[in-house]
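[1] Structure for this input, please:
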Amino acid sequence: MQKLTAGKRTLGTAVPVGALWGKDSIGAGEFPDLVNFALLCKKMKIGLIQLLPVNDTGYESSPYSSLTAFGLHPLYLRIQDIDEYDESLVKKQMDEAKNKFAAAVRFSHYHILKAKLEMCRIIYAAHKGEILKKNSLLAWTKQNSWVKEYAVYRRLKEANGEKSWKDWPQYRDVSAADIETLWNDDALREDHFFWVWLQEALDSQFSKAAKTIAGEGIILKGDLPILMNEDSADVWANRNIFNLELSAGAPPDMYSPNGQNWGFPVYNWEEQEKDNYAWWRKRLEIAGKYYQAYRIDHVLGFFRIWASSRSDNSSALGRFIPYTPITIEDLKNSGFDKDRIRWLSRPHIHTQALENALRANWGGHFDDAAITAAMEKVCSKALDRIKTEEMWLFRDEIKGEKDIELLDLHPAAANFLLEAWRNRTLLEYGQGKFFPVWHYRDTQAYNSLSQAEKQNLEDLVKKLNEKSEKIWEAQGEKLLSIMAGASGMLPCAEDLGAVPACVPKTLARLKILGLRVTRWFRRWELEGQPYIPFDDYPELSVCTAAVHDSSTIREWWEKEADQAQFAGFIGCPALPKIYNPGAAKTILSKTAAAKSRFRVFQIQDLLHLSEKWYSKDPAGERVNIPGTNNDFNWTYRLPAPIEKIGEDEELIRAVAELDK
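    Next up, the predicted model:
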């Protein structure tokens, strides 16, 4: 792809490929639909299209839960454009699928993918003789060596009922030689090449669409998730570059009081350095075939990653990696003896607290005998008494929240133990290595300390945070320098969350664009938490008013915003309380005036410029609701085919007027 012109301000839109359905697609958007969408964008004077990740996630709808870092999703394949497409073979299935999925408000990821793969199987079975001899396919396979691991993994996953590789009876642990042996097995060749054939067709269709979009002068911006699904071809085949003992996530915040545990392994950066980060370089090389710019998902993870034990479900007891640990020697030098260190690092449960919790939360009728029996069960299964004290510690065999949940206790008892498990000031994550838990100041042990002890601990934490920040800065600069230098694409960072001071400095030095979300870009430390003026947005940034994990502007305005404060901020106090095209025009045009290089709006937010495209419930226009797992998430699609929306001259005119 052609390199971007430095400093050119551009208006953009963010959209999932699956949302872009048209007259030829089956229920959800397909790669060729990007061309029609780009032509519409050109009319609207939109110069950038930002996509969600498009890698194969199998039957999982989240684009951030990929089965492969390199392979594209068969959901986005246009079957009619495959070289071997034969209408007579699948006409009945094609007509049934189009009719079945045409009227849905949101698309059915599972059922559409299932229908498409079944049709592809029929076509492949009828033409496999010629497909397996096809010189172009063999040449493509040679040029894309990653597809061997992917195809072998995909065949095995399908043979094992789509279960994770961790649950396979065979081939859970494989070497490169094992994969090569399976790949070269003549009896399996047809099955492997089905997946190769699909990937070659997907690459061809996406490449063609990307080339056309670039030819129209529109930037195509991709999205590279920082992490990989544990159940993926990459983790299965390259175990050495990942750390499977830990689970990545995010620390607690106002939306997730126990943090977010994503279940993805963290990277073994030391191992990746041995081959000069070849896996990452390959990811960037392949992405560069399609995109001119890309979003670095969760860029903080390149500086430090929040990781939890695989024994926990939440990430309340997570820690940053890397981090300069608090050692026993540090604690002793700060005045904490052995017993005090145990008090800070191991949850202590008072007998009376356990009884009170059971009585308060037991529910229904209870008597003293029932409470006593429940307490005895809890103590025998989970706790050890401290000598003759009315105080208990968790037994050594309890390693995490999952162990507590497996004890078959009354819910009131289990919930009490889970809260108690998290109630510690320091997390001992290795022999004599400690990390201050995220909410350490709210813990029982911390609040029992004297003022002098608290100050000593605070001084120690501050000192080690300062040391750690230097490590984070060095690691982030090193890894992001490699990424920025490995591709001609323009990197744009998703730098939301608890951001250490070194992150914006490093991004600025490397000329990587940061992300500014209007509703969150505020001076949080000042009274009233004022919004930051659009004129103060850095040029090296992407400005947006909503993201795929948030509500749309419409839902935010009607249900979440302090309307008076925001209306005053943009100088339009008369904005209506119920969102309409006039309100949309005001908010979007004010945001589009930000000094940021890119001003990117979700397609849903742009559609609100025309009254034709308002859904009855604004919540139904969201892409994703974080922390939930259901059929709603990641299945947003346009309220009408692209062709129909393209007839809305009022919308086209309104969008084109935003970037004046």
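[2] helix or strand for Arg516, which one?
    Following DSSP states H and E, one finds Arg516 within strand 514-517.
[3] Quick check: which helices or strands does that strand pack against?
    strand 490-493, strand 541-544 (3 or more Cβ pairs under 8 Å, 6 or more residues apart in numbering; DSSP states H and E). All C-beta spots, glycine's among them, are computed from the backbone N, C-alpha and C.
[4] want to throw the ones you listed into TSV with mean neighbour count?
    Converted to TSV, the helices and strands packed on strand 514-517 look like this (neighbours: other Cβ atoms under 10 Å):
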stretch	mean neighbour count
strand 490-493	23
strand 541-544	26
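[5] I'd like these written out as JSON lines, with distance to Glu560 and mean pLDDT added.
    Formatted as JSON lines, the helices and strands packed on strand 514-517 follow (distance: least, Cβ to Cβ, whole Å; pLDDT from 0 to 100):
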{"stretch": "strand 490-493", "distance to Glu560": "25", "mean pLDDT": "97"}
{"stretch": "strand 541-544", "distance to Glu560": "16", "mean pLDDT": "98"}
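[6] want to try JSON lines for those strands, with distance to Ser468 as columns?
    Below are those laid out as JSON lines (distance: least, Cβ to Cβ, whole Å):
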{"stretch": "strand 490-493", "distance to Ser468": "20"}
{"stretch": "strand 541-544", "distance to Ser468": "26"}
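[7] Out of those, flag the one nearest Ala307.
    Nearest of the helices and strands packed on strand 514-517 to Ala307, taken as Cβ to Cβ: strand 490-493 at 20.2 Å.
[8] Can you name the element that comes right after the closest one?
    Next along from strand 490-493, by DSSP H and E: helix 502-509.
[9] Go through that following helix and flag the buried ones.
    Judged by neighbour count (16 or more other Cβ atoms under 10 Å), helix 502-509 contains these buried residues: 502-504, 506-507.
[10] which of those residues lies closest to Lys43?
    Leu507 (33.7 Å).
[11] State the pLDDT value of the closest one.
    Predicted confidence (pLDDT) for Leu507: 97.
[12] Same question for Phe601.
    In this model, Phe601 is scored at 98, pLDDT.
[13] what separates the strand or helix carrying Asp191 from the chain centre, distance-wise?
    Here Asp191, judged by DSSP H and E, is contained in helix 189-215. The chain centre lies 25 Å from the centre of helix 189-215; the measure is Cα atoms, centre = their mean, to the nearest Å.
[14] Kindly report the same for stretch 58-76.
    The answer for stretch 58-76 is 13 Å, by Cα atoms, centre = their mean.
[15] Can you give me the buried ones in that stretch?
    Buried residues in stretch 58-76, counted by 16+ other Cβ under 10 Å: 58, 60-76.
[16] hang on, the earlier thing: after the helix holding Asp191, which helix or strand is next? Please name it.
    strand 219-224.
[17] Using CSV, write out every CA atom in the next helix or strand after that following strand.
    Moving toward the C-terminus from strand 219-224, the next helix or strand (DSSP H and E) is helix 233-237. Output of helix 233-237 as CSV, limited to C-alpha atoms (Å, rounded to 0.1, in the frame of the first residue of the first chain):
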residue,chain,number,x,y,z
ALA,A,233,-3.4,-21.9,15.7
ASP,A,234,-0.7,-19.5,16.8
VAL,A,235,-0.7,-20.4,20.4
TRP,A,236,-1.1,-24.1,19.7
ALA,A,237,1.8,-24.2,17.3
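[18] what does helix 233-237 contact?
    When contacts are defined by Cβ atoms under 8 Å, 6 or more residues apart in numbering, helix 233-237 is touched by residues 67-69, 71, 149-150, 152-154, 165, 174, 176, 179, 228-229, 242, 244, 265, 279.
[19] Got a quick PyMOL command for the buried subset of those?
    Selection of the buried residues among the contacts of helix 233-237 in PyMOL, burial being defined by 16+ other Cβ under 10 Å:
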select buried, resi 67+68+69+71+149+150+152+153+154+165+174+179+228+229+242+265+279
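[20] Tell me how far His410 lies from Ala159.
    For His410, the distance to Ala159 (Cβ to Cβ, to the nearest Å) stands at 42 Å.
[21] do the same with Ala493
    40 Å.
[22] Ok, Glu453 next?
    In terms of Cβ to Cβ, Glu453 sits 59 Å off from Ala159.
[23] swap in Ser487?
    Distance, Ser487 to Ala159, using Cβ to Cβ: 36 Å.
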